[in-house]
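S.K.: Let's see this in three dimensions:
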Amino acid sequence: MVLKPWVMPEVAFDPEQWSQARRKVRQAIAANHLYEDADAVVPWLLAMQQARPEDRQVSRQLEQVSQRLRQQFERLLREPERQRVALAQAGLRLQVLQYLPVEASAMAQMEQALEQARERLALNRRGEASLRRGQLGISEPGALADFQTVLERWPGDARALQGMAAVESALLRRAEEQAAAGNFTQAEKLLSTAAPLREPVGTVEQARERVEQLRNLRVESLLRSGLEDIQTAAGLRAANEKLQLATQVAHAGDARVRQLAWRIELATRYGLYAPGQALRDRLSSGGFAPQMVVVPHGQYLMGAGESELGAVEAEQPAHWVRLDRGFAIAATEVTVAQFGRFVAAAGARPRATRRGHSMVYEPRTGNFIRRSGVDWRSDYLGAPAHPDAPVMHVSVRDAEAYAAWLSEQTGHYYRLPSEAEFEYALRAGRQGRYPWGEAASPPANSGNFTGDGDLSPSGRRWSNAFVGYADGWWGAATVGSFAPNPFGLYDMEGNLSEWVADCWHASYRRAPADGVAWFNPGCRRRVVRGANWANSPLQTRAAWRWLQESDVTNARIGFRVVRGL
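M.R.: Next comes the predicted model:
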């Protein structure tokens, strides 16, 4: 801000009216009306002094006014707010003081102080302008040099200290942005640059912690994705790409990166199987894992077409899924005996055991009811299950725990199948409304379905069933009781519905096209695939999918596992 130069106002002073002049001066002093116009103190006192140079009262009053203006000048130089206005006001008072009794040395000091204050203000303002333009002055001219110059010449300057804090804040923000983009080397450089800018107040360390959190999340994401790539459709090439990225992001010697490298090497060395080949891993605690069958890679149209009878939005849109790598899936659903080996060895307490109840079939009413004392050892009625029966009354967490135990026991990666893998294995190279094609009823001995020839223990028949079909079972059959599908898999449709790895999504919009599970960490609603022994024909379609909470247990849901190759 620039004010007009101060010019001595002309006053209408009559020496003959001295008393009136003294009274006017006293009133102006009381009102702090010092120099602004022709009615102010300074022009009147100077006119009176010119008329009577010997008048001591006028001299004393001029000294008082000079002292007051000098105090105002000093206060304006220290004003922290609106500094441009304050310095302009200080300069105006300095112009007035030139007419008043002030020693030459004092006047020179004030002029020097004003010039330095203006220089300090200019440096701070230039630094602030650079800040607004994003020119921090790290690798180019900018704010940092200006604020540092101010603090070197005027230590403790509040405005420059605030500017340094803003530079630090901008550097920390850029560091976190670089970290979020995966550029942790640049983030470290920015943090190191910010660290010495001012006395530590914890902000740099807090930013460093946030960057490390982002680094850890990035590494975990890459490793998790890499492990999935090894065992699913993405393949070893994608896993190696994740490994390279994780090596760049993680600190040297990170054990998690070494683990991913080991898993990739394992998959490369032992992933050489042929389509249709059966394999069975030995458990370290004795016995064997479930028999697995290698499913060939390929692509298929997943979901229900728009014209499919009975199709719903949750099964659409139909979309192509390509599985570039084969996988091994259990030939049958996990049995009671197999699950029991896990419970005994791991000391596990599955959901229904902890809760003390599950949902069973009630023959008298034909409804499903909650019954106490039912868990994984029970059949669909709540009675003790046959060892070769498919295990039921298990939650998806129980199924995932079993798969994790198999991984520990065998050294190979076991998991639940993705929804895309399950439907691919269920269709087994065929495309149609049902797993067997378009025929209205299943082929004989093809599975445990609701047929109008089935009869319950209490003499009931299905009210909505496949016409002309009977399988001889009411409730789940022992595994492998029916003919396998073209991939050599049993009961992919019928017997029990099965948990898969995916979270529930209301449709296939934006669904993965590479066969991986569509999973959101922390989700509680999960997908169940494949019809069970109590499902209607409409629910036996190949595209049918079912929503269940993750802690649900009942007599209609079991599971099978997938092993990576």
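
S.K.: For the rest of this, base every contact and every neighbour count on C-alpha atoms.
M.R.: OK.

S.K.: quick one, what contacts residue 301?
M.R.: Contacts for residue 301 (CA atoms under 8 Å, 6 or more residues apart in numbering) come out as 318, 319, 320, 321, 431.

S.K.: now it, what's its secondary structure?
M.R.: strand (DSSP: H, G, I helix; E, B strand; the rest coil).

S.K.: one step back: include secondary structure, neighbour count and distance to residue 250 when you put the contacts of residue 301 into a markdown table, please.
M.R.: Formatted as a markdown table, the contacts of residue 301 follow (DSSP: H, G, I helix; E, B strand; the rest coil; neighbours: other CA atoms under 10 Å; distance: CA to CA, whole Å):
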| residue | secondary structure | neighbour count | distance to residue 250 |
| --- | --- | --- | --- |
| 318 | coil | 17 | 40 |
| 319 | strand | 18 | 37 |
| 320 | strand | 15 | 36 |
| 321 | strand | 22 | 33 |
| 431 | coil | 16 | 45 |
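
S.K.: what stretches of this structure score poorly on pLDDT?
M.R.: 1-3, 232-234, 266, 268-272 (pLDDT under 70).

S.K.: Let's check: the centremost residue of it is which one?
M.R.: residue 217 (8.6 Å; CA atoms, centre = their mean).

S.K.: how much space between that one and residue 264?
M.R.: Residue 217 sits 21 Å away from residue 264, taking CA to CA, to the nearest Å as the criterion.

S.K.: Hmm, residue 431 is touching residue 437, no?
M.R.: Yes. At 6.3 Å, residue 431 counts as touching residue 437 under the criterion of CA atoms under 8 Å.

S.K.: measure stretch 431-450 end to end?
M.R.: Terminal residues of stretch 431-450 are spaced 22 Å apart (CA to CA).

S.K.: I meant stretch 294-301, not that one.
M.R.: 20 Å.

S.K.: Buried residues in it, which are they?
M.R.: Using 16 or more other CA atoms under 10 Å as the test for burial, stretch 294-301 gives 294, 295, 296, 299, 300, 301.

S.K.: Equivalent analysis for stretch 126-143, please.
M.R.: Going by neighbour count (16+ other CA under 10 Å), the buried part of stretch 126-143 is 126, 127, 128, 130, 131, 135, 136, 137, 142, 143.

S.K.: Is the fifth one located within a helix, as I assumed?
M.R.: The reference is to residue 131. Yes. Checked against three-state DSSP, residue 131 lies within a helix.

S.K.: Now do the same contact list for the residue lying closest to it once chain neighbours are set aside.
M.R.: Counting by CA to CA, 6 or more residues apart in numbering, residue 131 lies nearest to residue 143, which is 5.8 Å off, once chain neighbours are set aside. With contacts taken as CA under 8 Å, 6+ apart, residue 143 has the following neighbours: 126, 127, 128, 129, 130, 131, 135, 136, 137, 163, 167.

S.K.: Mind checking which of the buried residues of stretch 126-143 land in helices?
M.R.: If you go by DSSP state H, the buried residues of stretch 126-143 have 126, 127, 128, 130, 131, 143 in helices.

S.K.: Just name the closest of those to residue 496, please.
M.R.: residue 131 (65.4 Å; CA to CA).

S.K.: I'd assumed residue 141 was in contact with that closest one.
M.R.: No. At 11.1 Å, residue 131 does not count as touching residue 141 under the criterion of CA under 8 Å.

S.K.: coming back round to it: would you reformat the contacts of residue 301 as a markdown table and include distance to residue 332?
M.R.: Listed next are the contacts of residue 301 as a markdown table, based on distance: CA to CA, whole Å:
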| residue | distance to residue 332 |
| --- | --- |
| 318 | 27 |
| 319 | 27 |
| 320 | 26 |
| 321 | 24 |
| 431 | 22 |
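
S.K.: Nearest to residue 30 among those?
M.R.: residue 319 (89.3 Å).

S.K.: give me the beta-bridge partners of that closest one?
M.R.: residue 302 (DSSP bridges).

S.K.: Confirm for me that it is in contact with residue 302.
M.R.: Yes. Assessed by CA under 8 Å, residue 319 is found in contact with residue 302 at 5.4 Å.

S.K.: Could you list the domains of the protein?
M.R.: 15-102, 212-270, 292-334+395-563 (automatic domain parsing).

S.K.: Pick the most buried one from those.
M.R.: domain 292-334+395-563 (a mean of 20; mean count of other CA atoms under 10 Å).

S.K.: can you map out the helices along the stretch 151-300 of the chain?
M.R.: 158-180, 184-194, 203-231, 235-249, 255-270 (DSSP state H, counting those that start in this stretch).

S.K.: Let me have these in JSON lines, extended by distance to residue 74.
M.R.: Below are the helices of the stretch 151-300 of the chain laid out as JSON lines (distance: least, CA to CA, whole Å):
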{"stretch": "helix 158-180", "distance to residue 74": "17"}
{"stretch": "helix 184-194", "distance to residue 74": "35"}
{"stretch": "helix 203-231", "distance to residue 74": "35"}
{"stretch": "helix 235-249", "distance to residue 74": "56"}
{"stretch": "helix 255-270", "distance to residue 74": "64"}
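
S.K.: Figure out which of these is closest to residue 327.
M.R.: Among the helices of the stretch 151-300 of the chain, helix 203-231 comes nearest to residue 327, with 7.2 Å by CA to CA.

S.K.: Could you name the helices and strands sitting against the closest one?
M.R.: Here helix 203-231 touches helix 158-180, helix 184-194, helix 235-249, helix 255-270, going by 3 or more CA pairs under 8 Å, 6 or more residues apart in numbering; DSSP states H and E.

S.K.: Among the ones you listed, single out whichever gets nearest to residue 517.
M.R.: helix 235-249 (14.3 Å).
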